[in-house]
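Participant: sequence and predicted structure, then a few things I'm wondering about:
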There are 2 protein chains.
Amino acid sequence: MDFFFESMSAEEHDRLRALHEPLTQSVRRLIEASIRTGVDDDTVVEARRAIDAVSAMLEERERDQTPRMRHADTGRPVVWANPVVGIRNAMAPPLMIEQDADGRCWSEFSLGAPYEGPPGWVHGGVCALVLDQILGEVASDGLTKPLFTGTITLKYLRGTPLGALRAEAWVDRVDGFKTYARGELRDAEGVTVEAEGVFIMPAWAREAG
Amino acid sequence: MDFFFESMSAEEHDRLRALHEPLTQSVRRLIEASIRTGVDDDTVVEARRAIDAVSAMLEERERDQTPRMRHADTGRPVVWANPVVGIRNAMAPPLMIEQDADGRCWSEFSLGAPYEGPPGWVHGGVCALVLDQILGEVASDGLTKPLFTGTITLKYLRGTPLGALRAEAWVDRVDGFKTYARGELRDAEGVTVEAEGVFIMPAWAREAG
């Protein structure tokens, strides 16, 4: 099934990644600095002006938005802007999701101040955001099939601490147009959140299949 | 029940808000600009250096992290860093959550490029993030009670388009230490996602209650 329209060579992908990953990383540092800062009022105003100048510089030319792209070698879509895995989206931690030969997906990552809910703990909705992404990836076989979330249920066993975490997901069963996926979020002590989701192939993809 | 330790005067709250809200807004603009930009390589490198200089400036002094604060007039906690409602967290849209006299919570807000999953649509996990926050707020009566998410289930009726949205939440019933909340996300055409959650008072708060 070919629902992405253009492919990007591995070389072009690597070139754009090497260029944009450090920029996004700098914006991530700025998000955290602006949460934590206690500098005086004049410095805050000066910082704001400097940030606006950078935004204006970057806004001078937009990238082509036209086609959805996939990586020529892997067949995976290029998801620069995705809020969980996008290397061009500073709100993404980002997760680098690996897929084992048996299809299971996993990712090791770290969450800091911007993802905090109760003091010291990851926001419950951020746990849901991360698990929705990894369950969706495993259900769609690394995003190579078009699937949308039907339902997702999160069960919070205990608080998830800020810091080093691991997410895992696997397909429980496939029933016609529905794929049932399960997953979990873990800290060093074990599972903190369990998730199960039903992912559905849209009607247009069934017809095209 | 008094689980926040210090109160912040309305004047101090307004002063800090007036100072930091524009800074965070500038960082939000930068997040979107760095996703969309198509400027040449030298300009990307120049932008990164300028951003790092601003981060270094803001990192020179950290704010006091010590006490949890609540607003002296409203009794609500001051949640500057929260990833959904925090006015100092650039990954927050942010939602301004209103509470009606009958206890129902609602918020009207807009989601742009950083929240995109499939092209043109809000990421399913972002819908979960937003709904977890507003269900938690209604269950805890505007965050004035200490409650943690036990389970949350999201049912996606159709795609949620980027742009203007409304979230609503209400308490379905209270059963001992468990509060059952429900809510929904809507676009101009109606409901896109339904949510139900069980929120639990932690043991330490039961003992203190």
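Facilitator: Happy to help now that I have it.

Participant: in contact with A:Ala169, which residues are there?
Facilitator: A:104-106, A:131, A:134-135, A:137-138, A:181-184, A:195 (Cβ atoms under 8 Å, 6 or more residues apart in numbering or on different chains). Yep, even glycine has a C-beta here, placed from its N, CA and C like the rest.

Participant: okay, and which of those map to strands?
Facilitator: Counting by DSSP state E, the part of those found in strands is A:Cys105, A:Trp106, A:Ala181, A:Arg182, A:Gly183, A:Glu184, A:Ala195.

Participant: which of those tops the neighbour count?
Facilitator: A:Gly183 (29 neighbours; other Cβ atoms under 10 Å in any protein chain shown).

Participant: let me know the pLDDT of that one.
Facilitator: At A:Gly183, the pLDDT value in this model is 98.

Participant: what's the answer for the one 10 residues further on, then?
Facilitator: The predicted structure scores A:Val193 at 98 on the pLDDT scale.

Participant: please apply the same query to A:Gln99.
Facilitator: 92.

Participant: lowest-pLDDT helix or strand in chain A?
Facilitator: helix A:203-208 (a mean of 72; mean pLDDT, DSSP states H and E).

Participant: what is the burial count for A:Gly124?
Facilitator: Neighbours of A:Gly124 using other Cβ under 10 Å come to 27.

Participant: grab the nearest non-local neighbour of it.
Facilitator: B:Thr149 (4.0 Å; Cβ to Cβ, 6 or more residues apart in numbering or on different chains).

Participant: and the contacts of A:Ala169, which is closest to A:Ala81?
Facilitator: A:Glu137 (15.8 Å; Cβ to Cβ).

Participant: list the contacts for that closest one?
Facilitator: Counted by Cβ under 8 Å, 6+ apart, A:Glu137 has contacts A:Ile97, A:Gln99, A:Cys105, A:Leu143, A:Ala169.

Participant: how far away is A:Met69 from A:Val54?
Facilitator: 26 Å (Cβ to Cβ, to the nearest Å).

Participant: these two: which has the busier surroundings?
Facilitator: When A:Met69 and A:Val54 are compared for neighbours, A:Val54 comes out ahead with 27 against 18, by other Cβ under 10 Å.

Participant: and the contacts of the helix or strand hosting A:Val191?
Facilitator: Using DSSP states H and E, the element containing A:Val191 is strand A:190-200. Strand A:190-200 is contacted from outside by A:127-128, A:131-132, A:135-136, A:139-140, A:147-160, A:169, A:172, A:177-186, using Cβ under 8 Å, 6+ apart.

Participant: what residues sit buried inside that strand?
Facilitator: For strand A:190-200, a neighbour-count test (16 or more other Cβ atoms under 10 Å in any protein chain shown) marks A:Thr192, A:Val193, A:Glu194, A:Ala195, A:Glu196, A:Gly197, A:Val198, A:Phe199, A:Ile200 as buried.

Participant: could I get these as CSV with distance to B:Glu60?
Facilitator: As requested, the buried residues of strand A:190-200 are arranged in CSV below (distance: Cβ to Cβ, whole Å):
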residue, distance to B:Glu60
A:Thr192, 35
A:Val193, 37
A:Glu194, 42
A:Ala195, 41
A:Glu196, 46
A:Gly197, 44
A:Val198, 49
A:Phe199, 47
A:Ile200, 50
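
Participant: buried residues, stretch A:9-26. List them.
Facilitator: Under 16+ other Cβ under 10 Å, the buried positions of stretch A:9-26 are A:His13, A:Leu16, A:His20, A:Leu23, A:Thr24, A:Gln25, A:Ser26.

Participant: sorry, that was for stretch A:74-91
Facilitator: For stretch A:74-91, by 16+ other Cβ under 10 Å, it's A:76-91.

Participant: got it, and stretch A:157-176?
Facilitator: So stretch A:157-176, judged by 16+ other Cβ under 10 Å, has buried residues A:Gly159, A:Thr160, A:Leu162, A:Leu165, A:Ala167, A:Glu168, A:Ala169, A:Trp170, A:Val171, A:Asp172.

Participant: I'd say A:Arg186 and A:Pro161 touch.
Facilitator: No: using Cβ atoms under 8 Å, A:Arg186 is not in contact with A:Pro161, being 11.1 Å away.

Participant: wait, which of the ones in strands among the contacts of A:Ala169 is closest to A:Glu59?
Facilitator: Distances from A:Glu59 to those, taken by Cβ to Cβ, are shortest for A:Cys105, at 35.3 Å.

Participant: of the buried residues of stretch A:9-26, list those near chain B.
Facilitator: Restricting these to those near chain B by Cβ under 8 Å from any Cβ of the partner chain leaves A:His20, A:Leu23, A:Thr24, A:Ser26.

Participant: would you format those as a markdown table with pLDDT and secondary structure included?
Facilitator: Formatted as a markdown table, these follow (pLDDT from 0 to 100; DSSP: H, G, I helix; E, B strand; the rest coil):
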| residue | pLDDT | secondary structure |
| --- | --- | --- |
| A:His20 | 94 | helix |
| A:Leu23 | 98 | helix |
| A:Thr24 | 97 | helix |
| A:Ser26 | 98 | helix |
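
Participant: farthest pair in those?
Facilitator: Farthest pair in these, by Cβ to Cβ: A:His20 and A:Ser26, 10.6 Å.

Participant: which strand or helix spans the residue nearest the centre of chain A?
Facilitator: In chain A, the centroid-proximal residue (Cα atoms, centre = their mean) is A:Val84; its distance is 1.6 Å. Using DSSP H and E, A:Val84 is not contained in any helix or strand.

Participant: residues contacting the nearest residue to it once chain neighbours are set aside?
Facilitator: Among residues not flanking A:Val84 along the chain, A:Gln133 sits closest, at 3.9 Å (Cβ to Cβ, 6+ apart). Neighbour list for A:Gln133: A:Asn82, A:Val84, A:Val85, A:Leu95, A:Ile97, B:His123, B:Gly125 [criterion: Cβ under 8 Å, 6+ apart].
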